[in-house]
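> Model the following, please.
(one chain, ligands or ions: 2)
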Amino acid sequence: MMEAPPATTTTAEDCCVKVAVHIRPLIGDEKLQACQDCVAVVPGKPQVQLGTHSFTFDHVYGSSGSPSSAMFEDCVSPLVDGLFQGYNATVLAYGQTGSGKTYTMGTGFKDGYQAGLIPQAMTALFNKIKTLQDKIEFQLHVSFIEILKEEVRDLLDSKSEITHGQNGKLNSPGKPPIQIRETSNGVITLAGSTECSIKTLKEMSDCLEHGSLSRATGSTNMNNQSSRSHAIFTITLEQMSKTDSNDSMCDEYLCAKLHLVDLAGSERAKRTGSDGMRFKEGVHINKGLLALGNVISALGDEKKRKEGAHVPYRDSKLTRLLQDSLGGNSRTVMIACVSPADINAEETLNTLKYANRARNIRNKPVVNR
Ligand code: ADP
Ligand code: MG
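Ligands and ions are numbered 1, 2, ... in the order given. Just a heads-up that it's a prediction; the model follows:
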């Protein structure tokens with residue numbers, strides 16, 4: 001019942017990083033500027049065309065509206081199921097500011113963001129728990145943090161008001177900074193962050209809504225709600241067998257976590273017209289996304305991996321935090337979000353290239369016990 005799949009039954013396909021593209025519809029400003037749609041989906045294929053460039057992904061979702069249940073079923077549902085088998089997982093929403101990352105991930109059940117992947121993941125998780133709870137005792141925790149300028153901030157701590165000091169540093173008065181630590185068996189933990197114990201779907205969605213409201217946003221020329229931080233909503237699932245079993249294949253305890261990551265805008269600092277403090281944020285955000293790209297690239301290079309090449313997780317807070325859930329014993333999905341508008345073609349091309357690089361990763365399946 002608590003049996004973990006032997007590593008040999010996990011196919012290479014299960015273990016590589018899946019990459020999907022989500023093309024949102026043209027929105028208000030773009031329509032007002034009479035922008036043309038420049039991103040085409042090849043009919044019947046998970047292929048995107050932009051000018052003379054063509055890219056193939058695992059899935060492509062056209063501009064038909066909200067993140068559909070099909071996107072959830074294809075991309076996230078297998079990761080939720082994997083949690084029950086002890087596999088860590090990460091969902092990354094990547095793309096320029098305004099491309100639909102937050103819309104795709106969702107911020108709760110109340111507004112237009114209700115169809116997002118996080119609310120759907122929560123619902124699926126609780127449905128599955130319901131079917132198993134006679135035999136298994138579950139414990140759920142969530143944390144919600146953001147990384148801004150290489151500092152980690154707790155989005156679930158109501159006292160952690162954001163202030164910007166003279167030196168441009170993020171201050172959270174009276175609280176020691178949150179630290180990323182690694183246990184002796186390679187598990188990454190966040191020392192000092194709020195871990196909410198969760199009993200119901202409502203409690204979990206309250207955490208998502210509360211944290212989303214508290215997320216720091218800054219204005220830039222591109223979008224006055226543009227988010228300059230990486231937001232990471234993490235669900236930890238612990239399972240304990242309720243029945244005594246003599247079956248040696250029956251595990252007593254499994255623990256796995258699902259990171260749902262709304263990455264910072266991928267646009268180059270020069271395009272945001274940033275200066276002063278805002279520019280510093282841009283530089284640091286690029287550092288996180290750059291490190292993520294390098295980690296993904298190192299994991300995807302089969303030859304180098306066989307030679308035991310160094311994977312540069314320590315180059316940013318983002319990659320350090322995701323270290324045990326990106327590569328190793330984890331399943332990863334990247335959703336590349338793009339605008340269809342011709343004025344965004346250059347950034348859309350950058351996004352498609354970055355996402356295309358991620359398709360080569362193969363993770364080594366190991367189960368957490
Ligand atoms: P990001 O988080 O990447 O900066 P947002 O998720 O905030 O982008 O989306 C930017 C704007 O586009 C928002 O007004 C949002 O409501 C709208 N939008 C994004 N994706 C969609 C979609 N699939 N359908 C309709 N509107 C969308
Ligand atoms: Mg956003």
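
> Any stretches of the protein with poor pLDDT?
Low-confidence segments of the chain (pLDDT under 70): 1-16, 63-67, 111-114, 158-175, 216-227, 244-251, 269-286, 305, 360-369.

> What backbone torsions are found at the residue in the stretch 1-150 of the chain that ligand 2 sits nearest to?
Residue nearest to ligand 2 within the stretch 1-150 of the chain (Cβ to the ion): residue 102, separated by 3.2 Å. Where you see a C-beta, it was placed from the backbone N, CA and C, and this is true even at glycine. The phi and psi torsions at residue 102 (degrees, to the nearest 10) take the values phi -70, psi -40.

> Once you drop chain neighbours, what's closest to it?
Of all residues not flanking residue 102 in the chain, residue 262 sits nearest, at 5.6 Å (Cβ to Cβ, 6 or more residues apart in numbering).

> Give me the number of neighbouring residues for that neighbour.
Using other Cβ atoms under 10 Å, the number of residues around residue 262 comes to 27.

> surely it meets residue 93?
Yes - between residue 262 and residue 93 there is a contact under Cβ atoms under 8 Å: 5.2 Å.

> shared neighbours of the two, anything?
Common contact partners of residue 262 and residue 93 (Cβ atoms under 8 Å, 6 or more residues apart in numbering): 101, 102, 105.

> which of those lies closest to residue 68?
Residue 68 has its nearest neighbour among the shared contacts of residue 262 and residue 93 in residue 105, at 14.1 Å by Cβ to Cβ.

> Surely residue 82 touches residue 76?
No - in this structure residue 82 lies outside contact range of residue 76 using Cβ under 8 Å: 10.3 Å.

> okay, and the common contacts of these two?
With Cβ under 8 Å, 6+ apart applied, the contact sets of residue 82 and residue 76 do not overlap.

> List the residues that contact residue 186.
Taking Cβ under 8 Å, 6+ apart, we find residue 186 in contact with 323, 324, 328.

> Would you show me how to pick out the buried ones of those in PyMOL?
Here is the PyMOL selection string for the buried members of these, based on 16 or more other Cβ atoms under 10 Å:
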select buried, resi 323+324
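
> Tell me the one among the contacts of residue 186 nearest to ligand 2.
Nearest to ligand 2 among the contacts of residue 186: residue 323, at 24.1 Å, using Cβ to the ion.

> Tell me who's in contact with that closest one.
182, 186, 188, 313 are the contacts of residue 323 under Cβ under 8 Å, 6+ apart.

> about what we covered before: also near ligand 1: which of the shared contacts of residue 262 and residue 93, exactly?
101, 102 (Cβ under 6 Å from any ligand atom).

> now the shared contacts of residue 262 and residue 93 as JSON lines including neighbour count?
Listed next are those as JSON lines, based on neighbours: other Cβ atoms under 10 Å:
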{"residue": "101", "neighbour count": "26"}
{"residue": "102", "neighbour count": "21"}
{"residue": "105", "neighbour count": "27"}
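
> Looking at the stretch 251-369 of the chain, which residue is nearest ligand 2?
Nearest to ligand 2 in the stretch 251-369 of the chain, going by Cβ to the ion, is residue 262, at a distance of 6.0 Å.

> Surely residue 267 is in a strand?
No - under DSSP: H, G, I helix; E, B strand; the rest coil, residue 267 sits outside any strand and is assigned coil.

> wouldn't residue 139 be in contact with residue 238 here?
Yes - assessed by Cβ under 8 Å, residue 139 is found in contact with residue 238 at 4.2 Å.

> Just want the phi and psi numbers for residue 58.
Backbone geometry at residue 58, expressed as degrees, to the nearest 10, gives phi -80, psi -40.

> Find the residue closest to it in space, skipping its chain neighbours.
Counting by Cβ to Cβ, 6+ apart, residue 58 lies nearest to residue 18, which is 4.5 Å off, once chain neighbours are set aside.
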